[in-house]
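Asker: Model the following, please.
(3 chains)
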Amino acid sequence: MRELLERHYGYLFEEALLDEIEAVGVCKEVKQGEVLMDIGQNITAMPLLFSGAIKIMREDDDGDELILYFIEKGDTCAMTFSCCMGTGKSEIRAVAEVETQLLMIPIEKMEVWLKKYSSWRQFILDSYHTRLSELMETVDTLAFMKMDERLLKYLRDKAMVTQNDLIHATHQEVAHDLHTSRVVISRLLKQMEKEGKIKLHRNQIKVLAL
DNA sequence: ACATTAAGTGATT
DNA sequence: AATCACTTAATGT
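Answerer: Numbering: from 1, shown residues only, chains lettered A, B, ... in the order given. Below is the predicted model:
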């Protein structure tokens, strides 16, 4: 575990902090599709990702889902910060996109380390910043209903987190993630295929160029 | 061969 | 962009 820590966070944190993380963190592995955190659930720990990717989504009144963003290795979930300052309840759902290794750290430590380690402070601030930028991006495309751009971004992100340009998903599932209908996705995908950006197969989308 | 499920299309709002 | 209605293609039994 120390080795994993060194490799992914060694360049970020000082020795003393790495020691503390090692002492208090709990290693965890989640399989694809597993729900790490659900809406309304109490947050007791914050995740540090070693490998894999987590899909962060929100749900509306009717139970429909919408993807906000992905978090990958070297990331943490920005939601944890706002939660431990505010209600303590999660406002999002986190599902493993692929098999993921992560470390759970009790949230009490988070605040202590903020005062104690400048590298930790920097890390939290940075991830808050990148998360906010990502959110702005999704809000942009959302506000103007540019489905084609959203789909493009979705495919790009998905190919990236999977480390594979073969995406395994039905049009139905994609539509669900983007909160739209299957027909729309099929049409857009078909168009993208004509443009030579992707190749379509049943249950599979091969990304050629983005 | 038949049923089921995924994907493609035209027309309409 | 969403929905309907319908067709076609791929897969499972």
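Asker: what about A:Gly74, is that helix, strand or coil?
Answerer: Of the three states, A:Gly74 takes coil under DSSP: H, G, I helix; E, B strand; the rest coil.
Asker: got the contact list for the residue lying closest to it once chain neighbours are set aside?
Answerer: Computed as C-beta to C-beta, 6 or more residues apart in numbering, the closest residue to A:Gly74 that is not its neighbour in sequence is A:His8, at 5.8 Å. Just so you know, the C-beta spots here come from the backbone N, C-alpha and C atoms, and that holds for glycine as well. Taking C-beta atoms under 8 Å, 6 or more residues apart in numbering, we find A:His8 in contact with A:Leu48, A:Leu49, A:Phe50, A:Lys73, A:Gly74.
Asker: need the residues of chain A near DNA strand C, please.
Answerer: By C-beta under 7 Å from any atom of the strand, the part of chain A that sits against DNA strand C consists of A:Met145, A:Lys146, A:Met147, A:Asp148, A:His179, A:Thr180, A:Ser181, A:Val183, A:Val184, A:Leu188, A:Arg202.
Asker: May I see the buried residues of the strand or helix carrying A:Lys199?
Answerer: A:Lys199 is part of strand A:198-201 when elements are defined by DSSP states H and E. Across strand A:198-201, burial judged by 16 or more other C-beta atoms under 10 Å covers A:Ile198.
Asker: average pLDDT across it?
Answerer: Strand A:198-201 carries an average pLDDT of 92.
Asker: Please apply the same query to stretch A:10-19.
Answerer: 92.
Asker: Okay, buried residues for it please.
Answerer: Buried residues in stretch A:10-19 (16+ other C-beta under 10 Å): A:Phe13, A:Leu17, A:Leu18.
Asker: which ones are touching the second one?
Answerer: What it means is A:Leu17. A:Trp113, A:Lys116, A:Tyr117, A:Ser119, A:Trp120 are the contacts of A:Leu17 under C-beta under 8 Å, 6+ apart.
Asker: Same question for A:Met37.
Answerer: A:Ile43, A:Cys77, A:Ser90, A:Ile92, A:Arg93, A:Ala94.
Asker: among the residues you listed, which one has the lowest pLDDT?
Answerer: Among the contacts of A:Met37, A:Cys77 has the lowest pLDDT, at 81.
Asker: Show me where chain A has its helices.
Answerer: In chain A, the segments counted as helices under DSSP state H are A:2-9, A:15-24, A:79-85, A:107-116, A:118-143, A:147-162, A:171-178, A:182-194.
Asker: how about the residues of chain A near DNA strand B?
Answerer: A:Thr170, A:His171, A:Gln172, A:Arg182, A:Val183, A:Ser186, A:Arg187, A:Leu189, A:Lys190, A:Leu200, A:Arg202, A:Asn203.
Asker: Most neighbours of all those, which one?
Answerer: Highest neighbour count within the residues of chain A next to DNA strand B: A:His171, with 21 neighbours (other C-beta atoms under 10 Å).
Asker: just checking, it touches A:Ile185?
Answerer: Yes - contact criterion C-beta atoms under 8 Å: A:His171 and A:Ile185 qualify, at 4.6 Å.
Asker: correct me, but A:Met192 touches A:Lys199?
Answerer: No - with contact defined as C-beta under 8 Å, A:Met192 does not reach A:Lys199; the gap is 9.7 Å.
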